[in-house]
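J.: Fold the following for me, if possible:
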Amino acid sequence: MTKMNQCVIEPIVQLTFVQLPQAKTFNYFTNRFWDWWPRDYTFSKGVLDRICLGSGVGEWCFEQGPHGFRCDWGRILEWNPPRLVSFTWQIGPRSVLQPDPSLCSEVSVEFAEATAGASCVTLTHKHFERHGVDGAGYRAEMASEYGWPLLLKIFSAAAHD
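T.: Down below sits the predicted model:
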């Protein structure tokens, strides 16, 4: 149990394989976020100027749109290239931004060498209970075919040298 007698909601754990070595896979996920993250999954949609992850602990994950629009949607919690990146997920149910990190879920992405020249990527999205009464529904949404499974499929297909 967490504070306020909320039950812990089971994390989402998703796996994908990428036909790149571990270090290149980490680099593509983190430093080339713009190249693979779908524009339809941003606040700016078709007018998106930029979306990126931070590149060190404490840095912001954000998007930039037209006319100076900026949206901070996460913050790097762990940065351990080429093995791990984790960040707050400051987007809540109904795509509402949540500025208080204590009310946000967290995403961890681990990168491991699977075979020579290929990597296994394990994404874990946890602490949905922090999103309050809508946490279980939000978890179901992010675990659906339109959530992390689709996003990792897009990443895996896009990742290249």
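
J.: host element of the most centrally placed residue in the chain?
T.: By CA atoms, centre = their mean, the chain has its centre lying nearest to Val107, at 5.4 Å. Assigned by DSSP states H and E, Val107 belongs to strand 105-115.

J.: Over to Thr88?
T.: Under the assignment here (DSSP H and E), Thr88 is part of strand 84-89.

J.: Pairing partners for that strand, with directions?
T.: strand 70-80 (antiparallel), strand 105-115 (antiparallel) (DSSP bridges).

J.: hmm, back to that, state the mean pLDDT of the strand holding Val107.
T.: Throughout strand 105-115, pLDDT has a mean value of 97.

J.: What of stretch 69-82?
T.: Per-residue scores along stretch 69-82 average to 97.

J.: For this protein, just list every one of the helices.
T.: Remark: helices assigned in the chain by DSSP state H are 22-31, 33-36, 135-143, 148-158.

J.: can you give me the angle the longest one makes with helix 22-31?
T.: Helix 148-158 runs at 120 degrees relative to helix 22-31, counting by axes from the mean of the first three to the mean of the last three CA atoms, to 10 degrees.

J.: next one: the third one
T.: Between the direction of helix 135-143 and that of helix 22-31, the angle (the same axes, to 10 degrees) works out to 120 degrees.

J.: What are the buried residues along helix 135-143?
T.: By neighbour count on 16 or more other CB atoms under 10 Å, the buried set for helix 135-143 is Gly135, Tyr138, Arg139, Met142, Ala143. Just so you know, the C-beta spots here come from the backbone N, C-alpha and C atoms, and that holds for glycine as well.

J.: next one: the last one
T.: If you call a residue buried by 16+ other CB under 10 Å, then helix 148-158 has these buried ones: Trp148, Pro149, Leu151, Leu152, Phe155, Ser156.

J.: What residues does Phe111 make contact with?
T.: Gln22, Thr25, Phe26, Phe29, Pro82, Arg83, Leu84, Ser119, Cys120, Val121 (CB atoms under 8 Å, 6 or more residues apart in numbering).
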